[in-house]
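Asks: Provide a 3D model corresponding to the input given below.
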Amino acid sequence: MDVIFSEELGGADEEDKGIKDAGIQTFAHDKKSSVTREMAQNSNDAAKEDERPVIMSFDLIKIPKSEFPDHKNFSKILTECTEDNRVLGREDAVATLEEAQRLLSLPEIPILLISDQNTKGLPGPYKKNEKFYTLVISDGVSAKDDAFSGGSFGIGKNAAFSATGMRTVFYSTQFDAANDDACGFFAMGKTILTNFHDSIGKYRKPKGLWGKHGKPITDQNDAPGWLKRDKDGLTVAIPGFEAEEGWAYDFAQVLLRNFFFAVHQGLISFRINDGEILINQNTLKGWLHDDRCKNAARNSNSLNEFEEAAKFLETLTGSDVIVEELDIKGLGKFRANLKICDDGSKAFLFVRNGMAISKELGPHKLQIFHNVKSFRCVVSPAELKSNASKSLRILETPEHTKFSLDQIENPDERKKMAESLRDFHNQLRAMIKSHASIEVKDIDDLSELDRFFQSLDAASNQSNAGEETPGSDGPRGFEPIKADAIKKIIGKGKPGKAPAGKGKKSGKGGKKNNHPKGPGGGERKVETIKIPNMRSFAADIDRSKRTVIFESPATGKLCIEAQAIEFDGGNTSIPISSSTEGSIINGIIELPVQTGKKLVFEVTLGDDYSGPIDFQCSLKPESSRSN
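Replies: Residues are numbered from 1 along each chain as shown. Here you go, the predicted model:
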């Protein structure tokens with residue numbers, strides 16, 4: 001097996017590729033988690049459905065450097081590339097390439113081997129749009145069996161390169177060639193460096209291909225021993241992977257918290273460090289409570305997610321689990337496993353193709369529920385390969401960590417999907433209210449406490465001079481709102497037309513707590529003005545209705561956004577559905593105010609919210625009010 005870096009025929013003017021490859025950088029923030037998630041997702045997608053579960057192995061081997069393919073030539077290439085970058089003053093590239101040289105010069109070179117069984121492998125032939133070619137050669141192209149696959153060797157294949165200190169990954173696959181114009185075996189590798197001048201002055205491409213004269217090896221006898229296979233499937237070899245002590249448990253905790261659903265369903269199992277750790281349907285619960293895995297999760301700052309995986313697993317078993325099927329127009333059929341619990345949690349987990357993706361559903365928040373019992377709910381497509389799975393795949397980000405409407409480029413399709421997600425959101429909330437609502441059984445008359453509280457009429461009619469506030473010697477006033485401020489927006493460019501706090505793009509309103517920009521490109525500076533004694537209180541029974549009282553410190557059009565106060569100190573926007581004063585635009589009140597004028601009005605909060613609130617206020621500048 002040799003390595004070839006082709007000549008850049010256009011010379012240095014044709015391309016100047018640096019060391020910061022965008023595809024690799026996507027996964028560089030969490031290399032271990034990225035490579036395990038991507039490899040497991042791809043193997044799960046390639047399963048032979050009649051031979052489930054897929055068996056994945058993660059092993060660490062060491063080979064003498066003399067057995068590393070084309071070792072002398074590769075060392076020479078690394079030196080040439082390093083020196084060329086040194087001349088250009090590109091120190092980040094020099095540091096990366098020197099590390100690759102260090103690893104290549106070790107007496108024994110470490111290699112992480114990831115392989116699977118009970119999968120189809122990557123069938124040939126070796127040409128565009130076929131699986132093995134797409135994996136090794138293509139950029140930004142996916143090859144998939146169907147529209148339901150999550151991993152299909154698109155951008156996710158770069159996760160393996162984030163885990164190698166040698167910027168090199170090898171692949172081998174065995175497959176059924178009965179109906180293909182192919183041999184049944186491919187072995188190849190790829191290295192990603194930078195453009196460079198070699199020792200004779202030729203300008204080389206940044207990507208090198210390992211194989212037989214730039215093509216895949218098709219005879220197993222010509223492949224290194226660690227790339228040979230005896231069953232259909234794929235092997236990914238990552239040289240220069242220097243594992244820390246306890247690496248096997250670190251990999252295990254990543255796989256457990258991301259694929260517990262797939263393991264529980266019998267879709268996949270994992271074998272780590274030559275069988276030291278075996279994760280399957282029978283051992284899953286034990287490993288989720290194993291102290292060594294917990295410690296590994298703690299060291300990776302993932303203990304909370306790991307412990308939550310064990311709790312979410314409980315929603316898939318037991319006689320007290322409520323199972324409902326939801327039919328969402330435009331998306332498909334989903335299964336919701338709901339378990340009422342007593343630990344204060346109110347959480348969803350959305351799963352696709354057996355992998356835990358997100359606790360949120362697109363832009364809709366599913367964290368705030370009031371007057372309901374604690375619960376956990378796992379939501380997944382009702383069938384593994386279905387329209388529901390296809391719909392979620394469209395929304396799934398390349399990192400497989402969330403669902404986003406930004407994944408849809410067509411505006412009309414994005415609008416349709418947004419409507420479907422809103423329906424999904426509403427059905428999930430209705431399900432929770434149906435099964436977990438806290439029933440109000442008795443109402444006590446506490447009128448004997450009236451003397452300790454100021455009445456609404458008194459608050460409305462009091463003059464400013466005579467009004468008593470909390471902390472005075474008189475009757476207690478209403479509780480002041482936590483954060484009472486008006487943000488006065490001053491823009492250099494033309495202001496956007498939406499209220500500050502709801503816009504996401506330039507010219508459509510500013511992001512909350514940031515410095516938004518208008519279409520003219522000018523930055524708006526935010527000046528905070530205190531609103532003394534801004535107060536609100538809830539109605540006796542329907543706590544979604546709040547009476548708001550304050551005296552305006554300015555004249556203009558005031559925009560008032562309601563925010564739920566979270567236990568962690570953060571705030572989440574709550575839409576206002578109605579108000580007895582002003583108008584409602586996108587869930588925010590727009591209200592004309594005058595300096596010194598006192599206002600008393602009632603608002604109704606959306607999302608059936610009944611908890612503590614704060615108000616985020618902004619005063620529209622004159623230019624915006626005049627439009």
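
Asks: Identify each buried residue in the helix or strand containing residue 96, please.
Replies: Assigned by DSSP states H and E, residue 96 belongs to helix 91-104. Neighbour-count burial for helix 91-104, counted by 16 or more other CB atoms under 10 Å, picks out 93-94, 96-97, 100, 103-104. The C-beta positions use only the backbone N, C-alpha and C, and glycine is treated the same way.

Asks: before we move on, what about stretch 272-292?
Replies: For stretch 272-292, using 16+ other CB under 10 Å, the buried residues are 272-273, 277, 279-280, 284, 287-288, 290.

Asks: and which of these is nearest to residue 340?
Replies: residue 288 (20.8 Å; CB to CB).

Asks: excluding its backbone neighbours, what's nearest that closest one?
Replies: residue 310 (4.1 Å; CB to CB, 6 or more residues apart in numbering).

Asks: Counting neighbours, what do you get for that neighbour?
Replies: 17 (other CB atoms under 10 Å).

Asks: Could you do residue 375 as well?
Replies: Neighbour tally, residue 375, other CB under 10 Å: 21.

Asks: And the residue nearest the centre of this structure?
Replies: residue 401 (2.8 Å; CA atoms, centre = their mean).

Asks: before we move on, what SS does that one have?
Replies: coil (DSSP: H, G, I helix; E, B strand; the rest coil).

Asks: quick one, helices of the stretch 351-500 of the chain?
Replies: Assigned by DSSP state H, counting those that start in this stretch, the stretch 351-500 of the chain shows helices spanning 387-395, 411-436, 456-461.

Asks: May I see the buried residues of the second one?
Replies: Okay, so that is helix 411-436. 417-418, 420-421, 423-425, 427-429, 431-432, 435-436.

Asks: just to revisit the earlier point, can you lay out the buried residues of stretch 272-292 as TSV showing secondary structure?
Replies: Putting those into TSV (three-state DSSP) gives the following:
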residue	secondary structure
272	strand
273	coil
277	strand
279	strand
280	coil
284	helix
287	helix
288	helix
290	coil
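
Asks: Point out where the stretch 301-450 of the chain drops to low pLDDT.
Replies: 367, 440-450 (pLDDT under 70).

Asks: try 80
Replies: For the stretch 301-450 of the chain, applying pLDDT under 80 flags the ranges 362-370, 398-399, 439-450.

Asks: next one: the stretch 1-150 of the chain
Replies: 8-14, 23, 26-30, 139-150.

Asks: which residues in it form strands?
Replies: Assigned by DSSP state E, counting those that start in this stretch, the stretch 1-150 of the chain shows strands spanning 2-7, 54-64, 108-117.

Asks: can you give me how far the shortest one is from the chain middle?
Replies: Centroid separation for strand 2-7 versus its chain: 37 Å, with CA atoms, centre = their mean, to the nearest Å.

Asks: Name the surrounding residues that touch it.
Replies: 69-70, 73-74, 77, 189, 191, 193, 198, 202-214 (CB atoms under 8 Å, 6 or more residues apart in numbering).

Asks: quick one: which of those residues sit in strands?
Replies: Among the contacts of strand 2-7, the members found in strands (DSSP state E) are 189, 191, 203-211.

Asks: quick one: residue 319 from residue 339, how far?
Replies: Applying CB to CB, to the nearest Å, the value for residue 319 to residue 339 is 11 Å.

Asks: Who has more neighbours out of these two?
Replies: residue 339 (22 against 4).
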